[in-house]
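> Pasting the sequence and the predicted coordinates here, then a few questions.
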Amino acid sequence: MAKVEQKTAMRALTVEIAHLRDEVPMFGGVLPNPDKVLSARGGGKGLEIYENLEADAHVRAVINKRKRAVISREWVVNPGDDTPLGKEAAGMVRRHLAAIGLDRITVGFLDAIMKGYAVGEVMWAVENGEIKPAAVRLRDPKRFVFTVNKDGAVELRLLTQQSPSTGIELPEEKFIVFTPEKRSENPYGFALGNSLFWPVFFKRKGITFWLTFCDKYGNPTCVGTYPASASREDKTCLREALQAIANDSGIVVPQGMEIKLLEAARSGIDSYEKLVRYMDEQISEVVLGETGTTNQSGTGGSNARDRVGNEVRLETAKADADALCEVLNNTLVKWIIDQNMPGAPLPKVWRDFEDKEDQVEKAGRDVKLTQVGVKFTKSYYMREYNLQEDDFELT
């Protein structure tokens, strides 16, 4: 009796209670994007407002820096095990990823940092007896929505002219979705554009006011005075003289008239510059997690500060790389093996973030361990030193 009750209690624990479809208001099963900036400031443009943020020079610079920090690291494919089948599977994946340009694809998927998610469509082809990805084409994420089926699973759907609200069902092993920063039950992810919108907005307003100030007070205002007895012709002559100042280096006015240059106070211009620079610092903090490598002021600098800032930036890049590699391993890499070598050990693709100094230290440690009798396998050297199968021979 006790075992029956225990099984019943355990069965109740395995049942999902807080179904997503029961908690989130949906139209036709479509999950709404909970991004409040998009709903409040999007004006029907959706993710386009986040694309427009990259029109800001500083935003584009730091976003590109974050992307380059990922693709600057070599990518590696490790076999699932040391068997000949595992090594053959890794070699196949390595060839296919190199053929479609993994770095270029990575840059495309990293657009998800700004927009929350990115979608790529795999174009398959048959060549030399292998089913291979001929290309991975990045698609506009605005064309897709997420729905919840009757089982509570989240599905990606493509919006079309025939189905502009709920979209159409998509085939398996065809579309890759990358969501770098998932939040709770939100499949759209947390877009960095959400945090960048207001700093960029205030920066643009500050620059607008700054330009207005420069236009208004960049040149001194000309003030002309005439005696009370001046005739209409004298006043016209004075007005023409004031207008001529903008174009001519010298002017002539009747005797008794005077022209002065009224200088404006320049103290307010510092406020605009400080506002713009402060917003640039906030943008760097949001995108890179630090400001030292992009917003240094003055001629001096702190080596410790720069080193810490660079470490933070690399940690961010490694997190981006790990997140994308995890998605690729669970989708594209797995699909390549399933199509060509079903049952083979699944290889893993990853980005090498090992520092050269660490590699030297590691090599010294391995030499010492070898001298005391420790034996390392070939797979260890391939994994730890980014070597390929035909790079060396071990006796």
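That came through fine. Residues are numbered from 1 along each chain as shown.
> can we go C-alpha only for contacts and neighbour counts from here?
Noted.
> Let me see the contact set for the residue lying closest to Leu288 once chain neighbours are set aside.
Nearest non-adjacent residue to Leu288, counting by CA to CA, 6 or more residues apart in numbering: Arg313, 5.5 Å away. Listed by CA atoms under 8 Å, 6 or more residues apart in numbering, the contact set of Arg313 reads 66, 288-290.
> Output those in CSV, with neighbour count, distance to Glu127 and secondary structure appended to each entry.
Shown next, in CSV, are the contacts of Arg313 (neighbours: other CA atoms under 10 Å; distance: CA to CA, whole Å; DSSP: H, G, I helix; E, B strand; the rest coil):
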residue, neighbour count, distance to Glu127, secondary structure
Arg66, 20, 36, helix
Leu288, 24, 42, helix
Gly289, 18, 44, coil
Glu290, 22, 47, coil
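> Dump these to a markdown table, plus pLDDT and distance to Asp82.
What follows is the contacts of Arg313, written out as a markdown table (pLDDT from 0 to 100; distance: CA to CA, whole Å):
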| residue | pLDDT | distance to Asp82 |
| --- | --- | --- |
| Arg66 | 94 | 35 |
| Leu288 | 90 | 38 |
| Gly289 | 85 | 39 |
| Glu290 | 77 | 41 |
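> And this protein, what are its domain boundaries?
195-314, 354-395 (automatic domain parsing).
> Mind checking the pLDDT average for the shortest one?
Rounded to a whole number, the mean pLDDT of domain 354-395 is 75.
> mind starting the numbering at 40 from now?
Taking 40 as the first residue, the last one we looked at is domain 393-434.
> what's Ile170 in contact with, if anything?
Ile170 touches 163-164, 375, 378-379, counting by CA under 8 Å, 6+ apart.
> do you know how far it is from Lys373?
Here Ile170 is placed at a distance of 13 Å from Lys373 (CA to CA, to the nearest Å).
> buried set for stretch 206-215?
In terms of neighbour count (16 or more other CA atoms under 10 Å), stretch 206-215 has its buried residues at 206-207, 212-215.
> first vs last residue of it, how far apart are they?
17 Å.
> now what about it, what contacts it?
Taking CA under 8 Å, 6+ apart as the rule, stretch 206-215 contacts 158-162, 183-184, 195-199, 366-367, 370-371, 374.
> With stretch 77-95 instead?
98-99, 153-154, 181, 232-233, 235-236, 239.
> Which among the residues you listed count as buried?
Using 16+ other CA under 10 Å as the burial test, those include 98, 153-154, 181, 232-233, 235-236, 239 as buried.
> Turn the residues you listed into JSON lines, including pLDDT and distance to Ser78.
Output for the buried ones among the contacts of stretch 77-95, formatted as JSON lines (pLDDT from 0 to 100; distance: CA to CA, whole Å):
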{"residue": "Val98", "pLDDT": "95", "distance to Ser78": "22"}
{"residue": "Met153", "pLDDT": "95", "distance to Ser78": "16"}
{"residue": "Lys154", "pLDDT": "95", "distance to Ser78": "14"}
{"residue": "Lys181", "pLDDT": "93", "distance to Ser78": "14"}
{"residue": "Gly232", "pLDDT": "94", "distance to Ser78": "13"}
{"residue": "Asn233", "pLDDT": "93", "distance to Ser78": "11"}
{"residue": "Leu235", "pLDDT": "95", "distance to Ser78": "15"}
{"residue": "Phe236", "pLDDT": "95", "distance to Ser78": "13"}
{"residue": "Val239", "pLDDT": "96", "distance to Ser78": "18"}
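> any chance of these in TSV, with distance to Lys126 too?
Below are the buried ones among the contacts of stretch 77-95 laid out as TSV (distance: CA to CA, whole Å):
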residue	distance to Lys126
Val98	42
Met153	37
Lys154	37
Lys181	39
Gly232	41
Asn233	43
Leu235	44
Phe236	47
Val239	49
